[in-house]
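[1] sequence plus predicted model, see below.
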Amino acid sequence: MSLRALVLSQGVDRKVSGAIETLPVDRLPAGDVTVAVDYSTLNYKDGLVLTSGGGLVKTWPHVGGIDFSGAVEASDNPAFRPGDKVVLNGWRVGELHWGGYATKARVKGDWLVKLPASVSTRRAMAIGTAGYTSMLCVMALERHGIKPSAGGILVTGAAGGVGSVAVAILAKLGFTVVAATGRPQEGDYLKALGAAMIMDRKELSEAPDRPLLSERFAGVVDTVSGVMFARALAQVKYGGAAAVCGLAGGASFPGSILPFILRGVSVYGIDSVMLPKAPREEAWRRLGIDLPLDKLDSTVSEAGLSDLMTLAPKILKGEIRGRVVVDVSR
């Protein structure tokens, strides 16, 4: 038996090259479940792996893809049987462990989640780690006690993968969504997802001149960090919260402690990689209910394995709208 994969190699200049190859199944890494992969996707972290390795990959050659969906082909894990529809997000798959840019994958069954009946394998990758992370952000704001009546929710990087899905979920749940983007041409797209207001990223592009600005947002879903998060944080209302999941704007931010100690603002760090299984399953259950799948479809473009090396630099530059579903058979 064989599989088809995008095999990555790193040269002496640290630049990554890729070639589609046919490999024997015994080249797959160790694991107790083998999955016939239908789809994968393209995330920011995938872009790093495909262009430079990003310091994430330790052994070459490598098969990337931090997400995949498909059907169980063989299992030594009692929790899974052949034919089960499954999804994988995180667990350093596509980084330390071969990932979803192949027609087959072998992983630990504990890393897999069975898909809700309402979510197909294609839609699972339209959701992907980006959408799953969005749901974790929304759940964090809900646990904090934020309700639609509390006021608007700011979503930064709203036209990207995480942001697009967050806008759609929050709008369906009845929240007033303020979508911040550096791409004003995406205004109609974001409004179709449910955004009530479009904010130009320029409004958040300068560090706050005061530690506290006028109270404006009940909550924030931040996918960017950096200066943008600092300015957003200074505008969160008393008792509000921010769910933080990205660092496209840098790992640090020029913020102040005053929003925390004078306004009682809370910040929830969202990790989607090593999250235990129970909250993963709850997030996917909620995605099957609270994500408007018809609107999700409008965020999706499709690609094949042969397109990934070209698309990777674009996602790092913020030039990809919404979600890219990768048909691994192409």
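    Yes, it's here.

[2] domain map for this structure?
    The record's domain parsing of the chain by automatic domain parsing lists 2-115+299-327, 129-269.

[3] can you map out the helices along the stretch 1-150 of the chain?
    Along the stretch 1-150 of the chain, counting by DSSP state H, counting those that start in this stretch, helices occupy 44-51, 121-144.

[4] L23 - how many residues pack around it?
    17 (other C-beta atoms under 10 Å). C-beta here means a position set from N, CA and C on the backbone, and glycine is covered the same way.

[5] same deal with V25?
    13.

[6] wait, it touches R4, no?
    No: V25 lies out of contact with R4 (C-beta atoms under 8 Å); the separation is 11.2 Å.

[7] most neighbours per residue, which of the helices of the stretch 1-150 of the chain?
    With neighbours defined as mean count of other C-beta atoms under 10 Å, the helices of the stretch 1-150 of the chain peak in mean count at helix 121-144, which reaches a mean of 25.

[8] beyond it, next helix or strand please.
    On the C-terminal side of helix 121-144, the nearest following helix or strand under DSSP states H and E is strand 153-155.

[9] restricting to C-alpha, output the helix or strand that that following strand is followed by in PDB.
    Sequence order places helix 161-172 as the next helix or strand after strand 153-155, per DSSP H and E. C-alpha atoms of helix 161-172 as PDB (Å, rounded to 0.1, in the frame of the first residue of the first chain):
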ATOM      1  CA  GLY A 161      -9.400  32.400   9.300                       C
ATOM      2  CA  VAL A 162      -9.900  32.700  13.000                       C
ATOM      3  CA  GLY A 163     -11.500  36.100  12.800                       C
ATOM      4  CA  SER A 164     -14.000  35.200  10.100                       C
ATOM      5  CA  VAL A 165     -15.300  32.200  12.000                       C
ATOM      6  CA  ALA A 166     -15.400  34.200  15.300                       C
ATOM      7  CA  VAL A 167     -17.500  36.900  13.600                       C
ATOM      8  CA  ALA A 168     -20.000  34.300  12.300                       C
ATOM      9  CA  ILE A 169     -20.300  32.400  15.600                       C
ATOM     10  CA  LEU A 170     -20.700  35.600  17.700                       C
ATOM     11  CA  ALA A 171     -23.300  37.000  15.300                       C
ATOM     12  CA  LYS A 172     -25.400  33.900  15.400                       C
END
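
[10] how close does the one residue sitting closest to the centre of the chain sit to L291?
    Computing the C-alpha centroid of the chain and ranking residues by C-alpha atoms, centre = their mean puts A130 first, at 1.6 Å. Counting by C-beta to C-beta, to the nearest Å, the gap from A130 to L291 is 12 Å.

[11] overlap in contacts, the two.
    V165 (C-beta atoms under 8 Å, 6 or more residues apart in numbering).

[12] quick one: find the helix or strand in this protein with the lowest mean pLDDT.
    Here the helix or strand of the chain ranked lowest by mean pLDDT, DSSP states H and E is helix 293-297, holding a mean of 85.

[13] which of the residues in that one are buried?
    Neighbour-count burial for helix 293-297, counted by 16 or more other C-beta atoms under 10 Å, picks out 295-296.

[14] picking that back up, from memory the residue nearest to the centre of the chain sits against V162, does it?
    Yes: in this structure A130 lies within contact range of V162 using C-beta under 8 Å: 4.6 Å.

[15] which residue packs closest to the residue nearest to the centre of the chain, ignoring adjacent ones?
    Leaving aside its chain neighbours, A130 sits nearest to G161 (3.3 Å; criterion: C-beta to C-beta, 6 or more residues apart in numbering).

[16] list the contacts for that neighbour?
    43-44, 128, 130-131, 299, 320, 322-323.

[17] and of the residues you listed, the nearest to L247?
    When the contacts of G161 are compared for distance to L247 (C-beta to C-beta), Y44 wins out at 9.1 Å.

[18] next, count neighbours for the residue nearest to the closest one when sequence neighbours are not counted.
    The shortest distance from Y44 to any residue other than its chain neighbours is 5.9 Å, reached at I315 (C-beta to C-beta, 6+ apart). Neighbours of I315 under the rule other C-beta under 10 Å: 22.

[19] over to G264?
    13.

[20] now the phi/psi pair for the residue nearest to it when sequence neighbours are not counted, please.
    Leaving out its chain neighbours, the residue that sits closest to G264 by C-beta to C-beta, 6+ apart is G239, at 5.0 Å. Dihedral pair for G239: phi 80, psi 10, per degrees, to the nearest 10.
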